[in-house]
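Q: Quick one: sequence and predicted model below, then my questions.
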Amino acid sequence: MVLCPVIGKLQHKRVVLASASPRRQEILSNAGLRFEVVPSRFKEKLHKASFATPYAYAVETAKQKALEVAGRMHQKDLRAPDVVIGADTIVAVGAMILEKPVDKQDAYRMLSRLNGKEHSVFTGVAIVHCCSKDGRLDTEVSEFYEETTVKFSELSEELLWEYINSGEPMDKAGGYGIQALGGMLVEYVHGDFLNVVGFPLNHFCKELARLYYPPRPEDLRRVRHDSIPAVDTFENLSDSEAGGSDPGQSAKGGRGGEQVDGDRSQAPRTLDAALNGAESRPPFPTGLLELMDGFKASKVLFTACKLKLFDVLKDQGPLQAVDVARKLSTCAGRTEQLLDVCAALGLLEKTHRGYGNTEVATLHLVSDGEHSLQGLAEYNDAHVWGVFTRLGLAVREGADQTRGALGAMEEERLSQSKELTLQFMRAKHSLSKLTAHHVATAFDLSRFASACDLGGCTGILARELAQEYPRLQVTVFDLPEVTELSGGFQRGGRQTERIRFVPGDIFKDSLPEADLYVLSRILQDWPDDKLHKLLSRISSSCKPGGGLLVAEAAAEEEGASRSPRLRTLSAGQPRSADEHRRLLQRHGFRDVRVARAGDLLCVVLGTRAAP
Ligand SMILES: Cc1cn([C@H]2C[C@H](O)[C@@H](COP(=O)(O)OP(=O)(O)OP(=O)(O)O)O2)c(=O)[nH]c1=O
């Protein structure tokens, strides 16, 4: 078979590699495939004796790895990816299957068995096409295997132990890695080298070509003359079932993989697919559907946080659903549903002992954790959710109104209770903890002796600046009701004495003197008139040679993920690097430099020119 440019066929699909193997990731990315990695949690312990051949075992394991990931992702995102690839590599000596050694003795047993002999390396591969229908996951599995023969030289005990002690054998089938030190053990290889390393790329491409390139009409006519697929194979298929170039959407049985039992014949195809279908179907709109459902996942997370579910499980988990319901005083049936969805979203782990927090929940969703984002979840639920329900109105009433949505919220916050202010502060505090270090280190700020963080809230960024620059004195300037409550967020520490909190309004009161002014995630919340007013106030207070450091959500074209844009949707589009540069220049700053800070932010530093 001539190879077609098949990798490109997967370009517009969401492809997931269900493998933790760095070799597989490397082989596929070197081939130009773009994919996400979601290691499978399928436990590789199928009953080997129940398989007629070693390769049948490898293929089944590969399939189960891929299906586990497809199922988990479907539950988690309420959508599965388009394609999930699973693989399993084993070494076979006769009928005996060798997988990864469990310890050095096991590695020694394996390598001794291979010493001086020929053996087979099989990699089973499963390509799972996924499709969600009415909330159900439909999968079509295409599977194959590749065999490579490897011969080891006669090896001394000493060499074997030296090799074992190198540590290389432990994560590799048969206890060796042909691509590294293990290459020294090998006398010859017959077959695909990459298959030994974990992924038979050549056979994979042929399989893709078989799946994605239907036969040309002339080939088909020839096939029909040969009467291979009987006409009645196709006659009951509706149009929608007649698969095009997207195997994920073709009819069941319209595209079988090679059979494990060695039947490598081509599966039948529809006439329509062959004649018309190749390019007619649009790519499956996975991202779009995810967007449509995204709010459900957010609301589940918010609800679980609000109920303090993660706190209860941290202290008393794992717990059965009924016990969780009792502790939260909630309805048992609904609680169980919530717990199951949280498990599907990767927030909880469900075992026979009950539900427990996953690592990410322990780290970020327990309220008193060092890296807790509880405050942000609570605030988003209580306020941002409401703001977004007014988005249509804001858009209808004009851009300023849209940008003003957050400003309105800010005003609402100011006019309301202490509890609301605290909630806002907790949200900002938890978000700043994620970004403060990146902002403080985006540029070398050691030339400044003093800094003033305008709207610096609980002083998280101030702490980070003080920690990073040992001679820097930092002022946190924020509204009196904020500075009054900020004490509750302070941890002690040597740099605290270099931080002071000054109450004031950035739009009305004179700004504290400083060599460097800092605005972190402030500008995005205000309409243009207020933004220019603020920048011109800073510009007037800043001495020539002083600086202005601005941190804002990064624009997507600078490589940010989709989330920062969503985060600021009601406050307008994030500015590009050029827009930031022009903004600071317009207010008298020169030498404006722009840097990325982590995944979320763009940081800009300008120097005040002499007036
Ligand atoms: C024989 C041989 C195997 N291997 C590796 C390939 C596989 O990664 C590994 C066999 O274990 P597998 O179970 O196939 O894969 P894995 O555990 O690494 O990853 P996952 O289950 O998440 O997909 O052995 C080599 O790197 N070189 C070799 O020469």
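A: Good, I have the coordinates.
Q: For the chain, what lies in contact range of the ligand?
A: Proximity of the chain to the ligand, by Cβ under 6 Å from any ligand atom, involves residues 19-21, 23, 39-40, 44, 65, 87-89, 91, 100, 121, 171-174, 176-179, 182, 196-198. Using the backbone N, CA and C atoms, a C-beta is placed for each residue, glycine as well.
Q: any idea which element residue 607 lies in?
A: If you go by DSSP states H and E, residue 607 is part of strand 601-608.
Q: Which strands or helices does that strand pack on?
A: helix 418-441, strand 547-553, helix 577-586, strand 589-597 (3 or more Cβ pairs under 8 Å, 6 or more residues apart in numbering; DSSP states H and E).
Q: and the third one, what's its mean pLDDT?
A: Think helix 577-586. Average pLDDT, helix 577-586: 90.
Q: Next, the angle strand 547-553 makes with that helix.
A: If you take axes from the mean of the first three to the mean of the last three Cα atoms, to 10 degrees, helix 577-586 sits at 150 degrees to strand 547-553.
Q: Check which residues of helix 577-586 are buried.
A: 577, 580, 581, 583, 584 (16 or more other Cβ atoms under 10 Å).
Q: which intervals of the protein have sub-threshold pLDDT?
A: Low-confidence segments of the chain (pLDDT under 70): 1-5, 77-79, 214-281, 283-284, 286-287, 394, 397-416, 492-495, 555-573, 599.
Q: and with 50 instead?
A: The model of the chain has pLDDT under 50 over residues 1-2, 218-246, 248-279, 399-406, 557-571.
Q: list the contacts for residue 486?
A: Residues counted as contacts of residue 486 (Cβ atoms under 8 Å, 6 or more residues apart in numbering) are 425, 457, 458, 459, 476, 478, 501.
Q: Take the residues you listed and keep only those in strands.
A: Counting by DSSP state E, the part of these found in strands is 476, 478, 501.
Q: export these to CSV and tack on neighbour count and distance to residue 104?
A: Output for the ones in strands among the contacts of residue 486, formatted as CSV (neighbours: other Cβ atoms under 10 Å; distance: Cβ to Cβ, whole Å):
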residue, neighbour count, distance to residue 104
476, 27, 56
478, 25, 59
501, 22, 58
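Q: Can you tell me which of those residues comes closest to the ligand?
A: The closest of the ones in strands among the contacts of residue 486 to the ligand turns out to be residue 476 (Cβ to the nearest ligand atom; 47.1 Å).
Q: sorry, back to before: among the residues of the chain next to the ligand, the buried ones, what's the ChimeraX command?
A: Entered in ChimeraX, the line below selects the buried ones among the residues of the chain next to the ligand, by 16+ other Cβ under 10 Å:
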select :19,21,23,40,65,87,88,89,91,100,121,172,173,174,176,177,178,179,182,196,197,198
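Q: out of the residues of the chain next to the ligand, which are inside strands?
A: 87, 88, 89, 91, 121.
Q: Kindly provide the distance from the last one to residue 93.
A: Read that as residue 121. 11 Å (Cβ to Cβ, to the nearest Å).
Q: Residue 535 now?
A: 73 Å.
Q: When these two are compared, which one has more neighbours?
A: The neighbour comparison of residue 535 against residue 93 (other Cβ atoms under 10 Å) goes to residue 535, with 21 against 16.
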